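In: The following block contains a protein sequence and its predicted model.
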Amino acid sequence: MRLTLLSLLFAVSAALASAPSRTVVERASCTLAPLGSGKDDSPQFLTAMQACSTVVIPTTSTLNISTRLNMTGLSNKHLNLQGTLRFNPNIPYWTANGFPFTFQTQITFWILGGTNIVVDGGGTLDGAGQAWYDAFASNSSLLRPITFTLFQATNVLVQNIKMINSPEWFNLVNEGKNVTFNNITLNAASTSSHGAANTDGWDIYRSDTVVISNSVINNGDDCVSFKPNSTNILVSNLNCTGSHGISVGSLGQFAGMFDIVENVTAINIRMSNAQNGARIKAWAGSGVGSGIVKNVTFMNFIESKVDNPVVIDQCYMTSASACAQFPSNTFIQDVFFTTISGTSTGSTVASLACSPGARCSNITVNNFTLSPPSGTAKYTCQNVNLTGNAASLFGTCTVT
């Protein structure tokens, strides 16, 4: 049964209600000051998070994080980040010692996990990404760390902080439940000719009941990406600039894996100077995996200068001939694109390209007001039967 928006908002309220209360976590407080120029503050930070219910990093403090942080298994903790955590850009150290995640071959500076955790305070996580952006330009195989990783974390509230210059993804939620991000500012800005690549805002993986709300993102890849086995997600009131969109996927990439993305709503999104707006992407071809995308709503998107405002690509990274021979095994159903407006950078304002073999069903399009820079807007679709008051804009979908 399809979840209503009201029930999703109720789920958000429940998630916020289940976040740890200040009366629980603020019992014993520790305040950290930096040890001094060039010294590693990681050990004292790790010890404090293990020993104290509340850890305060004052406004005037910048802690130098030079070694990896394993903060898993915590309970009833409050990180009051008023100052800055800056990750030392020691590329040889981090590439050899960052915590590895096999999914999409990632590493991370820091893993934070456990139950009942609050991170807030108005301070900054600084990934010191410029050295990484420059190094990646000459070595595309370079492993670059994720700035903030929630790993096996339940009942977490992250709010009122800034994250800047992540070497790669800003946030990964891996095997989490009841996680809320609110009022987060993300900014990845290169000062050289080498862009800030792959700086996803959030990647959700194998996690349930996640809320991302009221945030501003300026980055160089997906604003939010729902990776395999993301369920019951609400993304609301985001302002995304320079991104690759609010993206489901990519899914079905790995043989033998069954990927699920289900019960996802993205509502009240502003997207500007971006590659994509609302997007679903799934692999096809020989030797890939399988999965399902079900009950996904993109609602109230306002887009400005977006290359591809509305996208389904069910032959992602797959040639047309290979997709015809080996259609996608990631089925897409019960998807709603509702009230999408704004401007594209080219003539095509919406492309719903499903794989051959009836892999898409119940795709609904309503209230589209999208315009190209000049001329007539072009809407394209293939291998799908569309419903909704905007279906006529697409005409008869091609069959491949």
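Out: Here it is on my side, so go on. These figures come from a predicted structure and were not determined experimentally.
In: Distance of the nearest residue in space to K227 that is not next to it in sequence relative to S53?
Out: Distances taken as C-beta to C-beta, 6 or more residues apart in numbering place Y205 nearest to K227, at 4.1 Å, with adjacent residues excluded. (C-beta placed from N, C-alpha, C; glycine too.) According to C-beta to C-beta, to the nearest Å, Y205 stands 29 Å off from S53.
In: who's more crowded, the two?
Out: Higher neighbour count among Y205 and S53: Y205, with 20 against 16, using other C-beta atoms under 10 Å.
In: For that one, what are phi and psi?
Out: Phi and psi for Y205, reported as degrees, to the nearest 10, are phi -140, psi 130.
In: Enumerate every residue touching A128.
Out: R86, F87, N88, P89, N165, P167 (C-beta atoms under 8 Å, 6 or more residues apart in numbering).
In: The residue nearest to it when sequence neighbours are not counted: how many residues sit nearby?
Out: Spatial nearest neighbour of A128, excluding adjacent residues (C-beta to C-beta, 6+ apart): P89 at 4.3 Å. By the measure other C-beta under 10 Å, the count of residues near P89 is 20.
In: Give the helix, strand or coil label for P89.
Out: Under DSSP: H, G, I helix; E, B strand; the rest coil, P89 falls in the coil class.
In: if I pick it, what's in contact with it?
Out: A128, G129, Q130, A131, W132, P167.
In: For my notes, confirm F151 occurs in a strand.
Out: Yes - per three-state DSSP, F151 lies within a strand segment.
In: Compute the distance between it and V173, please.
Out: Taking C-beta to C-beta, one finds F151 at 9 Å from V173.
In: Just the pLDDT at the residue nearest to A128, thanks.
Out: Note for P89: predicted pLDDT of 98.
In: quick one: contacts for the residue nearest to K227?
Out: Y205 neighbours (C-beta under 8 Å, 6+ apart): F103, L172, V173, N174, E175, K227, P228, N229, S230.
In: one more time with 10 Å
Out: For Y205, the contact set (C-beta atoms under 10 Å, 6 or more residues apart in numbering) comprises 101, 103-104, 106, 172-176, 225-230, 259.
In: Between the residues you listed, which sits nearest A33?
Out: Taking C-beta to C-beta as the measure, L172 is the one of these closest to A33, at 29.3 Å.
In: now the host helix or strand of that closest one: mean pLDDT?
Out: Per DSSP states H and E: L172 is located in strand 171-174. Averaging pLDDT along strand 171-174 gives 98.
In: Whichever helix or strand comes after it: which residues count as buried?
Out: Counting by DSSP H and E, the next helix or strand C-terminal to strand 171-174 is strand 177-187. Neighbour-count burial for strand 177-187 flags K177, N178, V179, T180, F181, N182, N183, I184, L186, N187 (criterion: 16 or more other C-beta atoms under 10 Å).
In: Those into a markdown table, with extra columns for pLDDT and distance to S140?
Out: Shown next, in a markdown table, are the buried residues of strand 177-187 (pLDDT from 0 to 100; distance: C-beta to C-beta, whole Å):
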| residue | pLDDT | distance to S140 |
| --- | --- | --- |
| K177 | 98 | 35 |
| N178 | 98 | 37 |
| V179 | 98 | 31 |
| T180 | 98 | 35 |
| F181 | 98 | 30 |
| N182 | 98 | 35 |
| N183 | 98 | 34 |
| I184 | 99 | 29 |
| L186 | 98 | 23 |
| N187 | 98 | 24 |
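In: from the residues you listed, which two are the most distant?
Out: Farthest pair in the buried residues of strand 177-187 (C-beta to C-beta) is K177 and N187. Separation: 28.4 Å.
In: hang on, the earlier thing: with neighbour numbers in mind, choose between F151 and V173.
Out: Each of F151 and V173 has its neighbours counted (other C-beta under 10 Å); V173 has more, 27 against 21.
In: Distance of the more buried one relative to S230?
Out: On the measure of C-beta to C-beta, V173 and S230 end up 9 Å apart.
In: which residues are in contact with both of the two?
Out: Here V173 and S230 have D203, I204, Y205, R206, S207, D208, V210 as joint contacts, going by C-beta under 10 Å, 6+ apart.
In: What about these, which are in strands?
Out: Secondary structure defined by DSSP state E assigns D203, I204, Y205, S207, D208, V210 of the shared contacts of V173 and S230 to strands.
In: So for the helix or strand where D259 lies, mean pLDDT?
Out: D259 belongs to strand 258-283 when elements are defined using DSSP H and E. The pLDDT scores in strand 258-283 average 98.
In: again with stretch 67-77
Out: On average, stretch 67-77 scores 98.
In: what about it, distance to the chain center?
Out: Mean C-alpha position of stretch 67-77 versus that of the full chain (C-alpha atoms, centre = their mean, to the nearest Å) differs by 22 Å.
In: Next: stretch 86-103.
Out: With C-alpha atoms, centre = their mean, you get 20 Å for stretch 86-103.
In: Same question for stretch 354-370.
Out: That offset, for stretch 354-370, works out to 23 Å (C-alpha atoms, centre = their mean).
In: So which bits of it are buried?
Out: Within stretch 354-370, the residues that count as buried by 16+ other C-beta under 10 Å are C354, S355, P356, G357, R359, C360, N362, I363, T364, V365, F368, L370.
In: what two of these are the furthest from one another?
Out: Farthest pair in the buried residues of stretch 354-370, by C-beta to C-beta: G357 and L370, 28.6 Å.
In: Same question for whichever helix or strand comes after the strand holding D259: list its buried residues.
Out: Downstream of strand 258-283, the next assigned helix or strand under DSSP H and E is strand 290-316. Applying a neighbour-count criterion of 16+ other C-beta under 10 Å, one finds 290-304, 306-316 buried in strand 290-316.
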